[in-house]
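**Student:** Attaching a predicted model along with its sequence, questions to come.
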Amino acid sequence: MRAPVIDAQELAHWRAAPPVELVDHLMEAYHAPLREGLPRLAAMIARARPPGPEGDAILKCFETLSNELDHHIHHEEVALFPVVRAGQKVVEGRGLWGLRAEHAGTAAGLHDLARLTHGYAVPDGATPAWRACLEGLRNLDEATQDHMKLEDEVLLPAVVAAP
Ligand SMILES: [Fe+2]
Ligand SMILES: [Fe+2]
């Protein structure tokens, strides 16, 4: 899996910011682009994937990941973000455990996608459309790792109530 792009300075910035500002940032920088970008990327991959089992496996892996991400961002928007916006602490328990498990599932899906595409490398003779798909997948991988890092390392520690 690729290293996250986000740097220590940006992490420090969000650690110092009110959690509600981080929630706004997560919505704008990650959730909204996923809602807009996942269906577009799915259509691109369905059209431009190489023929044969390798291309089919990439599409299937992407569709699974895309469905999980779609469910996951909705889960956060109904179960976590409203509590943060209300200025309340979140109680550690099954709900949060579910979010963390979903992050682990997403990380595994991204790992599979990177493996199936040989690290999003553009093969010799790739069509421009397939090249654009691989670039889109690489961007999704990097952005999603940053997205999960901000939630796991900054948002959750800031909003979970001490036991
Ligand atoms: Fe999120
Ligand atoms: Fe998340």
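**Tutor:** Now that the structure is in, tell me what you want to look at. Ligands and ions are numbered 1, 2, ... in the order given.

**Student:** Select the longest helix from this protein.
**Tutor:** helix 53-79 (DSSP state H).

**Student:** just how off-centre is the following helix or strand past that helix within its chain?
**Tutor:** As assigned by DSSP states H and E, the chain's next helix or strand after helix 53-79 is helix 81-85. Put simply, helix 81-85 sits 20 Å off its chain's centre (CA atoms, centre = their mean, to the nearest Å).

**Student:** cool, and stretch 128-142?
**Tutor:** So, by CA atoms, centre = their mean, the centroid of stretch 128-142 is 14 Å from its chain's centroid.

**Student:** now stretch 70-86
**Tutor:** With CA atoms, centre = their mean, you get 14 Å for stretch 70-86.

**Student:** Can you tell me what sits against it?
**Tutor:** 19-20, 23, 26-27, 30-31, 34-35, 38, 89-90, 95-96, 98-99, 102-103, 106, 151, 155, 159 (CB atoms under 8 Å, 6 or more residues apart in numbering). In this view, the C-beta of every residue, glycine as well, is placed from N, C-alpha and C.

**Student:** which residue is nearest the centroid of the chain?
**Tutor:** T144 (2.9 Å; CA atoms, centre = their mean).

**Student:** got the contact list for that residue?
**Tutor:** 30, 69, 106, 110.

**Student:** what do you get if the cut-off is 10 Å, keeping everything else the same?
**Tutor:** 4, 30, 34, 65, 69, 72, 103, 106-107, 109-110 (CB atoms under 10 Å, 6 or more residues apart in numbering).

**Student:** re the thing from before, which positions in the longest helix of the chain come out as buried?
**Tutor:** 55, 57-59, 61-62, 65-66, 69, 72-73, 76 (16 or more other CB atoms under 10 Å).

**Student:** Could you look up the SS state of A126?
**Tutor:** coil (DSSP: H, G, I helix; E, B strand; the rest coil).

**Student:** Could you find the closest non-adjacent residue to it?
**Tutor:** L134 (7.4 Å; CB to CB, 6 or more residues apart in numbering).

**Student:** ok so, going back, would you list the phi and psi of the residue nearest to the centre of the chain?
**Tutor:** phi -70, psi -30 (degrees, to the nearest 10).
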